[in-house]
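Novice: From the sequence below, what's the structure:
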Amino acid sequence: MTAARGTPASESRSAAGDRSPYLIALVVSIATFMVVLDTAIANVALRYIAGSLAISVDESTWVVTTYLIANAVVLPVSGWLSNVIGRKRFYMICVAIFTVASLLCGLASSLTALIIFRILQGLGGGGMPTSEQAMLTDTFPPAKRPQAFAIYGIAVIVAPTVGPTIGGWLTDNYSWHWIFFINVPFGILSLILVQWLVVEPEVLERERRERLAGGLKVDWIGFALIALTFGSLEIVLDRGQLDDWFSSATIVTFATIAACSFIFFIPWELTRDDPIVDIRLLFHRQFAMAFIVMLAVGALLFGSNQVTPQLMQTNFPYTAMLSGLAMMPGGLTMLLLMPIAGQIIPHMQPKYWLAVGLALIALGMWVSTSLVPDASFTYFASVRVLQTLGMPFMFIPINSIAYAELPPQKTNEGSALINVARNLGGSVGVSLAATELARRSQFHQSRLTENMSPDSPAYQSAVHNLTQYFGQTGPPATARGHAIGYIAQLIDSQAALMAYIDIFFSWAIFAAILVPITLLLIRRVNPAAARASAGH
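Specialist: Residues are numbered from 1 along each chain as shown. As a prediction, the model looks like this:
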C-alpha cells in the first residue's frame, strides 16, 4: 500500500502487503461464500438425506442442528484463537478443516458419520468469518471500508439466496452428496490463494509472541461456559418448535443450562485479564448498537430466506429448485446494489443509511402482506426483490459503525462478536418465524372453522356442490367424504397462508420500529476519530 492509502501504522497491520487490498477482499470472500452457501444449501436436501440413509425427516434435521451448534461454540472464541495461533494460520486451518469435513460429509454412509463430520465442518466454518472481517478492517482505511465490506457482503448476503436454487438443482439432478462435494474445489482454491496472496503482518506476529511470552494461558472455564451457553441455546432455538418448546423436558433442560452458563459467564469474563471472549467491547455504545442491529439483520435475512421458500413449497406447487429461482432476483438485486452501496455510503453518516435500509425492508415486508392464494411466480420474484432491497444499506454501515472506534488490537475480538450477532439473530429469527407460523395457523384455523358447523347454510351448500362434483368422477358413496376432506384441506391451506401474512406483517413492524431507534441511539461517526482510534 502507498502512503496515500494509509499511514505506516495501517500498512503494518494490512493483510495485503504490496498488493491491492481489493484483491485480498476477493480472496477471503471465496471461503465466506462457501460457508454461508453450505448453511443454506443443506436445508433443501434434508428429505433426500432422510430417504438415502433410511431415517425420518425429523432425524435428518440433526444434520443442520449439529452444524449450527458447532458453529455457535467456536465463533465467540475465534477472536482469541486467531490472536493465539496467528490470524492467517488460524484462517487456513479453518478452511482446511471445513474442506476436508465437506469431503467426508459427502462420503458419509450413515447418519452418525454424517453428524460427526458436520460437527467438524461447523467448527471449521465458525472460525472463518472473524479472521476475514479482521483482515478487511486492518487492510482498508476507514474511508474505504464500505467498499471492502460491499465485496464481502456479496458473499454473506447473496449466498443464502442462491443456496436453495443450487441445492435443489444438485439434489434433483445428481444426489445430496454433491451439496458437500461442491465445497472441496472452492476450499482448495481458497487455501492456495490465501497462502500465495495474504500477508501476516509483523506487528501481529509480535503481539502474538508477547501474548505467549509468559506461557499460554487458556481461559478454560470461560470457554466451557460460553460453549454451554451457545451450544444449549442453539438446541433450544432449533428444536424448540419441533418439541413444543417448554412442554418438553429436553428443551427446559437445555434452556436452563444456557441461562445458568450465561449468568456465570458474564462476571467470570469481566474479571479476567485475558478473557476468551472480550464482552467489555459491548460497553462501547457504538459497538453495542452495531451488535444489536446486526442481530436484527440476521433475523430478517435468515428468517425470510427460510420462510419464503417454505411458503412456496408448502402452499404452492413449487419444487426446491423452482422456489430457489423465484428467490434469485432478490439475490441478483443485492449483487448489483452492493458495489453501488459501497461507493455512495461514505457520503452520508452510517446511521442514516441504516434507517434507509430498515425503512426499505419494512416496506418490502409490508408489500408481502398482499399475498393471495393464486400468487404467481412473478409476484414472488418481485416481492423478494423488495424484501432484500434494503439489505446492502444495512450490512455495510453496521460494519463501519462497529469498527470505527475499536482499537486495532481488538479487531479480532470485535469481529467475533459481530459474527455471533449475525448468526444468533438468524437462529432467533428462524425459530420465532416457525413458532409464529404454527401458532397463527392454529388461530386462523379455529376462526375459519367457526362457521363450518352442519347447521351453517354456507357449509351445507359447499358440501352439496362438492359432493355433486366428486360424484361425477368417483363412487357416490364416498363423494361426500371427499367433499368434506377437500373443505378441510382448503381451510388448512388458507390458515397457513394467513399465518405467513402475519409473519411478514410482524417483520414490517419490527423493521419500522428499529428506524427511529437507530437514529436516536447511534452517534455520528467522526472520520478523524475513527482513523485515530483504528491506528490510521
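
Novice: show me the contacts for A375.
Specialist: Contacts of A375 were listed using CB atoms under 8 Å, 6 or more residues apart in numbering, and they are F316. Where you see a C-beta, it was placed from the backbone N, CA and C, and this is true even at glycine.

Novice: where are the low-confidence patches of the stretch 301-450 of the chain?
Specialist: 320 (pLDDT under 70).

Novice: show me where it has helices.
Specialist: 320-344, 350-368, 377-388, 392-404, 411-448 (DSSP state H, counting those that start in this stretch).

Novice: what's the angle between the shortest one and helix 320-344?
Specialist: By that I understand helix 377-388. For helix 377-388 and helix 320-344, the angle between their directions (axes from the mean of the first three to the mean of the last three CA atoms, to 10 degrees) works out to 40 degrees.

Novice: circling back to that earlier point, output the helices of the stretch 301-450 of the chain as CSV; include the columns distance to V236 and mean neighbour count.
Specialist: Putting those into CSV (distance: least, CB to CB, whole Å; neighbours: other CB atoms under 10 Å) gives the following:
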stretch, distance to V236, mean neighbour count
helix 320-344, 27, 20
helix 350-368, 26, 22
helix 377-388, 27, 19
helix 392-404, 26, 27
helix 411-448, 8, 21
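
Novice: For E210, which of these is the nearest?
Specialist: helix 411-448 (14.9 Å; CB to CB).

Novice: Mind giving me the packing neighbours of that closest one?
Specialist: The contact analysis (3 or more CB pairs under 8 Å, 6 or more residues apart in numbering; DSSP states H and E) places helix 411-448 against helix 62-74, helix 78-85, helix 111-139, helix 220-239, helix 285-314, helix 392-404, helix 476-521.

Novice: returning to that earlier point: please tabulate the helices of the stretch 301-450 of the chain in JSON lines, including the columns distance to L191.
Specialist: Shown next, in JSON lines, are these (distance: least, CB to CB, whole Å):
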{"stretch": "helix 320-344", "distance to L191": "25"}
{"stretch": "helix 350-368", "distance to L191": "34"}
{"stretch": "helix 377-388", "distance to L191": "31"}
{"stretch": "helix 392-404", "distance to L191": "25"}
{"stretch": "helix 411-448", "distance to L191": "20"}
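
Novice: Out of these, the one nearest R87 is which?
Specialist: Short answer: helix 411-448, nearest of the helices of the stretch 301-450 of the chain by CB to CB, at 6.9 Å.

Novice: For burial, what's the neighbour tally of D219?
Specialist: Neighbour count for D219, taken as other CB atoms under 10 Å: 19.

Novice: Assign a three-state SS to the residue lying closest to it once chain neighbours are set aside, would you?
Specialist: The shortest distance from D219 to any non-neighbouring residue, by CB to CB, 6 or more residues apart in numbering, is to I276 (4.1 Å). State at I276, reduced to three classes by DSSP: H, G, I helix; E, B strand; the rest coil: coil.

Novice: quick one, what contacts I276?
Specialist: 76-77, 80, 218-219, 222-223, 226, 269.

Novice: what two of the residues you listed are the furthest from one another?
Specialist: For those, the farthest-apart pair by CB to CB is P76 and V218; their separation is 14.6 Å.

Novice: Look at those two and report which has more neighbours.
Specialist: P76 (28 against 12).

Novice: Could you look up the SS state of that one?
Specialist: coil.

Novice: Now it: phi and psi?
Specialist: phi -60, psi -30 (degrees, to the nearest 10).

Novice: picking that back up, Throw the helices and strands packed on helix 411-448 into a markdown table and include distance to I418, thanks.
Specialist: Output for those, formatted as a markdown table (distance: least, CB to CB, whole Å):
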| stretch | distance to I418 |
| --- | --- |
| helix 62-74 | 14 |
| helix 78-85 | 10 |
| helix 111-139 | 7 |
| helix 220-239 | 15 |
| helix 285-314 | 6 |
| helix 392-404 | 5 |
| helix 476-521 | 16 |
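
Novice: Tell me which of the ones you listed sits nearest to A416.
Specialist: Of all those, helix 78-85 sits nearest to A416, with 3.5 Å by CB to CB.

Novice: low-scoring stretches of the stretch 1-150 of the chain, by residue?
Specialist: Across the stretch 1-150 of the chain (using pLDDT under 70), the flagged ranges come out as 1-12, 40, 43-44, 57-58.

Novice: gap between I263 and N315?
Specialist: 42 Å (CB to CB, to the nearest Å).

Novice: what do you get for E436?
Specialist: Taking CB to CB, one finds E436 at 16 Å from N315.

Novice: Which one of I263 and N315 is surrounded by more residues?
Specialist: N315 (18 against 12).

Novice: quick one, what contacts the more buried one?
Specialist: Applying CB under 8 Å, 6+ apart, the residues near N315 are 373, 493, 496-497, 500.

Novice: For A134, which of the helices of the stretch 301-450 of the chain is the nearest?
Specialist: Using CB to CB, the nearest of those to A134 is helix 411-448, at 4.5 Å.

Novice: Next, the angle helix 62-74 makes with the closest one.
Specialist: Between the axis of helix 411-448 and that of helix 62-74 there is an angle of 140 degrees, by the same axes, to 10 degrees.

Novice: Which parts of the stretch 151-300 of the chain are helices?
Specialist: 178-181, 183-197, 202-212, 220-239, 249-270, 285-314.

Novice: Let me see the mean pLDDT of stretch 290-300.
Specialist: Average pLDDT, stretch 290-300: 83.

Novice: Please list the outside residues in contact with that stretch.
Specialist: Counting by CB under 8 Å, 6+ apart, 282, 354, 358, 361, 391, 394-395, 398-399, 401-402, 417-418, 421-429, 432, 507, 510-511, 514, 518 sit against stretch 290-300.

Novice: swap in stretch 348-357?
Specialist: So stretch 348-357 is contacted by 293, 341, 345, 390-394, 396-398, 400-401, 515, 518-519, 522-525 (CB under 8 Å, 6+ apart).

Novice: residues in contact with the residue lying closest to G390 once chain neighbours are set aside?
Specialist: Nearest non-adjacent residue to G390, counting by CB to CB, 6+ apart: L360, 3.1 Å away. L360 makes contact with 386, 389-390, 393, according to CB under 8 Å, 6+ apart.

Novice: Ends of stretch 16-26, what's the gap?
Specialist: 11 Å (CA to CA, to the nearest Å).

Novice: next one: stretch 400-418
Specialist: Termini of stretch 400-418 sit 12 Å apart (CA to CA).

Novice: Low-confidence regions, the stretch 151-300 of the chain specifically.
Specialist: Judged by pLDDT under 70, the stretches of the stretch 151-300 of the chain that qualify are 157, 160-161, 164, 214-215.

Novice: who wins for proximity to I257 among the helices and strands packed on helix 411-448?
Specialist: Going by CB to CB, the one of these nearest I257 is helix 220-239, 4.3 Å.

Novice: Need the residues that contact that closest one.
Specialist: 61, 64-65, 68-69, 72-73, 75-77, 250-251, 254-255, 257-258, 261-262, 264-265, 268-269, 272, 275-277, 420, 424, 427-428, 430-431.
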